[in-house]
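1. My questions concern the predicted model and sequence given below.
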There are 2 protein chains.
Amino acid sequence: MITGKNYIGNQLSAKGSKTYKTFNPQLNIENDSTYTEATSEEIDEAVALASEAFKVYRTISGKQKAEFLNTIADEILALDDALIKTYCSETGLPEGRAKGERGRTVGQLRMFANLIEEGSWVEATIDTALPNREPMPRSDIRKMLVPLGPIVVFGASNFPLAYSTAGGDTAAALASGCPVIVKSHPMHSGTGELVASAIVKAAEKTNMPNGVFSNINSSGIAVGTQLVKHSGVKAVGFTGSIKGGRALYNLAAQREEPIPVFAEMGSINPVVVLPEALKNRSGSLAKTYAGSITLGTGQFCTNPGLLLGLKSEGLSNFIENLSNEIINIEPSCMLHPNIIGAYENKKQKAISQSSLTVTADYDSEVQTNYARQAIATVEGKTFMENQTLHQEVFGPYSIVVQCENKGQLEAIISNLDGQLTGTLIADNNEASNYSKVISALQNRVGRIIYNGVPTGVEVCPSMVHGGPYPSSTDSRFTAVGIHSIKRWVRPFSYQDWPNDLLPIELKNENPLGVSRLVNKKQTSDKL
Amino acid sequence: MITGKNYIGNQLSAKGSKTYKTFNPQLNIENDSTYTEATSEEIDEAVALASEAFKVYRTISGKQKAEFLNTIADEILALDDALIKTYCSETGLPEGRAKGERGRTVGQLRMFANLIEEGSWVEATIDTALPNREPMPRSDIRKMLVPLGPIVVFGASNFPLAYSTAGGDTAAALASGCPVIVKSHPMHSGTGELVASAIVKAAEKTNMPNGVFSNINSSGIAVGTQLVKHSGVKAVGFTGSIKGGRALYNLAAQREEPIPVFAEMGSINPVVVLPEALKNRSGSLAKTYAGSITLGTGQFCTNPGLLLGLKSEGLSNFIENLSNEIINIEPSCMLHPNIIGAYENKKQKAISQSSLTVTADYDSEVQTNYARQAIATVEGKTFMENQTLHQEVFGPYSIVVQCENKGQLEAIISNLDGQLTGTLIADNNEASNYSKVISALQNRVGRIIYNGVPTGVEVCPSMVHGGPYPSSTDSRFTAVGIHSIKRWVRPFSYQDWPNDLLPIELKNENPLGVSRLVNKKQTSDKL
């Protein structure tokens, strides 16, 4: 049942007077529940509890933490229809998507549970003593990854489950040994509270310290600001707009003790379409890309918002095919009136630029809060000179740039902002003739795709979801996959530390059998 | 031969009119050579060359880069006496230290050469395609670490070789595939130029692209500011003061594209001395610590500036022993008049605090620029309330805090700023009675030492040289050891990328035989 209250540790709490409601974009009405924003005192309490909880939580075993994460997954599934219905009522997204995202969320929790139960993720590294070394003996030194401290996670508008309350950032932080305070996304606070209740239930069932998790409601920016500036908070995870992510990054950098912010801020995900591919399969490419551009109403961070090709009859045909395909797709609902408002504004702002040709614009009547998909095209020179056209239009829109030649194509790519992904569409080994173009593309992105679409982010160890600024605030980390845990940990060395006081992963006996780098050799053996 | 010019890529260049000289603190006179500061245009040129060089340098093989690093090491050794003499004339440090530091510098270069020649450091991770997976097939995804781009390295005053021109930051950056622009330290620009000449010679001998390395002179802050703000620069390495490191961090965070700054800013390295140890070996501990406090005239980042014990007769005796020992040590020269000036000022500022007792102060005549070592002691309560006493006094000085009880000891440690190291001195299993104290200490430091001294940073894979702010700007990285390379790289994913276009570490054949995580199993096999 949704109470509209905050979770300050395991306790429901609503001491404030400021309230808000969520919105059902399909029905175009407010939802019933009323959410109470956290007060300044409640925020302080959540951070104080998290700091105390950290003293215990950072020392408990991987096995116990794994049990906690698996129980969270179980409790999320136990919410059953209530969660799916609330999700749909707060997002306008269909039930299939809700269930798919729930599966992904549960999968991520179990993936991290497996990781920490096994234990090798701490990157244990041991150099044993060399007491007779000349001119100086060497100490016994042992290193492993340890958690940073309380983490604040900001829920994402477009992933109410997989990148919000118990999503990837939270799962990675809890797995690492960091308590988490979630700043719930105001567009889906009901979904957030239900998931929070599952986490709290799991924390109680598995005897986790009170404060290992809190869930904070707010509809404005004051609560998030207070959290990021709080001296007890040691890192921040965020998924959303460049404006929002950069604001948090600035706050964190200006603290007396600066803290890391990993903000994934989306991008326009350039797709380079080479001539042979266009010649051979213009029709199927157009169909595939119309699908990718409109998937989830274009509300994915990896939506292909920019297609780049060499000016030619083939490219003109492709633009025509793509325009025809996209118009044939039924419009769908966006997450919130604010989001469709921003979409229409940004689309109009782009489309109103001179020298840009609109080749497709869905112009029939659509239901309120449904997005009209569109395609535009522009000359390479114009695109290079007009920064407005480089900005993300969050929704089912893409622009095709017709480049004069390879050199211009390379120059455009080299001057793009940092991107989550880049894609190359190529046939018959033509890629080998475009090495400079490919090299430029690699230097601007976190992931590069061959003959596919950027939408669809596989959760696996080899995935990078991140990239050069502004697609993320720190390209050295990924937000997806097991290695996303590295955002919340630091290496720590023990020098000549007694074996009985060492953490289990570093003990001589290696009771967990974790893989360790011992005197420069990787091994699971004991010493 | 020292020319006093900058290296802009491989070219000596001195277009500016602003000049300065270095200083010999032993002789208390200026050295002969005159250094010309880089102009704004020369800086732009160095960055432009580095950006161009990056396009080539990031793609060359680990074997070729290893040859470059090994040749740098050879060329540094070939500088022979000229380097050692210049080093000593610019630092006041003895020849033995110069040679030791040269050995360490050369060792670090060869360590990184071995690392990149072997190749597994890129953390290759492969998840092969699952074309028949339901409900969606999985793509083939392959990940590895790739370099960030041109890096600016600021030389350290206290490590003219090992943490300056071709020091740890530079070696790690060049190993990773990043070009480096060194902002030479004005106190040892002659040493810097000689080492730079060795790097340039090595770059030419091994056919590295021009611009892979530049060496920039300056005595003020304008040059460093321009470098850090330059859009072509992608990360910064710094070793020095909190004031300097934080200023660079702020500049980098305020850029349109923020970039990572790894600044190692030193600390006071708390040492906790437990009662049993004091009872059993007060005399030898005092001797050992007097040596650690005065090692290198106290000019190490890991100098033990804070000793913490429980008020007792044993602690009083230790303070007396330590005071006697430290006075018996001959004073030695500091790096520069500015550094001894700052030392005497900060020491006096600390000593002038009421409720603090000076137990040792070398009061005989000393040579100009030689430091007078000192020990002070204070009550736990006073220390907690007086932040001045928490500040680093860079030099041969330490303060002993007499805590009322375990609780106060724990509270003091918990409220310390972040530190590079913490040390525990304990006997007869008494450590097990201090688990909260140890836990608090672990949470404030990057490395913890048992019954040793914090000075002496072993260069090995298990070393962490870094720690919570302000000991470094990002505790998630280390400045020493092979893993320091992670500061300058980012993960990068290839999705469904053709085998012949993949980098060698990710090809099916695994021709280098690097260790890879393939479908969640670590292996050196081919696919």
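-> Noted; the coordinates are in hand. Residues are numbered from 1 along each chain as shown, chains lettered A, B, ... in the order given.
2. Which parts of chain A are helices?
-> A:40-57, A:62-91, A:95-118, A:168-176, A:189-205, A:222-229, A:242-254, A:275-294, A:313-327, A:337-351, A:380-385, A:406-414, A:435-442 (DSSP state H).
3. Next, the angle from the longest one to helix A:95-118.
-> Right, helix A:62-91. Helix A:62-91 and helix A:95-118 are oriented at 170 degrees to each other (axes from the mean of the first three to the mean of the last three C-alpha atoms, to 10 degrees).
4. Report the buried residues of helix A:62-91.
-> For helix A:62-91, a neighbour-count test (16 or more other C-beta atoms under 10 Å in any protein chain shown) marks A:62, A:65-76, A:79, A:83-84, A:86-91 as buried. Yep, even glycine has a C-beta here, placed from its N, CA and C like the rest.
5. Check the shortest one too.
-> Applying a neighbour-count criterion of 16+ other C-beta under 10 Å, one finds A:Gly380, A:Phe383, A:Met384 buried in helix A:380-385.
6. excluding its backbone neighbours, what's nearest the first one?
-> Read it as A:Gly380. A:Cys403 (3.9 Å; C-beta to C-beta, 6 or more residues apart in numbering or on different chains).
7. For the stretch 151-300 of chain A, which residue gets nearest to chain B?
-> When scored by C-beta to the nearest C-beta, the stretch 151-300 of chain A has A:Ala253 as its residue closest to chain B, at 3.7 Å.
8. Distance of A:Phe112 relative to A:Gln522?
-> Distance, A:Phe112 to A:Gln522, by C-beta to C-beta, to the nearest Å: 22 Å.
9. Neighbour count for these two, which is higher?
-> Legend: neighbour count by other C-beta atoms under 10 Å in any protein chain shown for A:Phe112 and A:Gln522, higher for A:Phe112 (27 against 14).
10. how about that one, what does it touch?
-> For A:Phe112, the contact set (C-beta atoms under 8 Å, 6 or more residues apart in numbering or on different chains) comprises A:Leu69, A:Ala171, A:Ala172, A:Leu174, A:Ala175, A:Ile482, A:Ile485.
11. State the distance from the fifth one to A:Phe492.
-> So the one you mean is A:Ala175. 17 Å.
12. And these two? Which one has more around it.
-> More crowded of A:Ala175 and A:Phe492, by other C-beta under 10 Å: A:Ala175, with 29 against 25.
13. From what I see, the more buried one and A:Asn70 are in contact.
-> No: using C-beta atoms under 8 Å, A:Ala175 is not in contact with A:Asn70, being 11.2 Å away.
14. shared neighbours, those two?
-> Counting by C-beta under 8 Å, 6+ apart, the residues touching both A:Ala175 and A:Asn70 are A:Ala113.
15. thinking again about what came up before, closest to chain B among the buried residues of helix A:380-385?
-> Checking these against chain B by C-beta to the nearest C-beta gives A:Met384 as the nearest, at 16.8 Å.
16. That closest one and A:Ile413 touch, don't they?
-> No: counting by C-beta under 8 Å, A:Met384 stays clear of A:Ile413, with 10.6 Å between them.
17. residues of stretch A:328-343 that come out buried?
-> Of the residues in stretch A:328-343, A:Pro331, A:Ser332, A:Cys333, A:Met334, A:Leu335, A:His336, A:Ile339, A:Ile340, A:Ala342, A:Tyr343 count as buried by neighbour count, 16+ other C-beta under 10 Å.
18. okay, those in a markdown table with pLDDT next?
-> Formatted as a markdown table, those follow (pLDDT from 0 to 100):
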| residue | pLDDT |
| --- | --- |
| A:Pro331 | 96 |
| A:Ser332 | 97 |
| A:Cys333 | 97 |
| A:Met334 | 97 |
| A:Leu335 | 97 |
| A:His336 | 97 |
| A:Ile339 | 96 |
| A:Ile340 | 96 |
| A:Ala342 | 96 |
| A:Tyr343 | 97 |
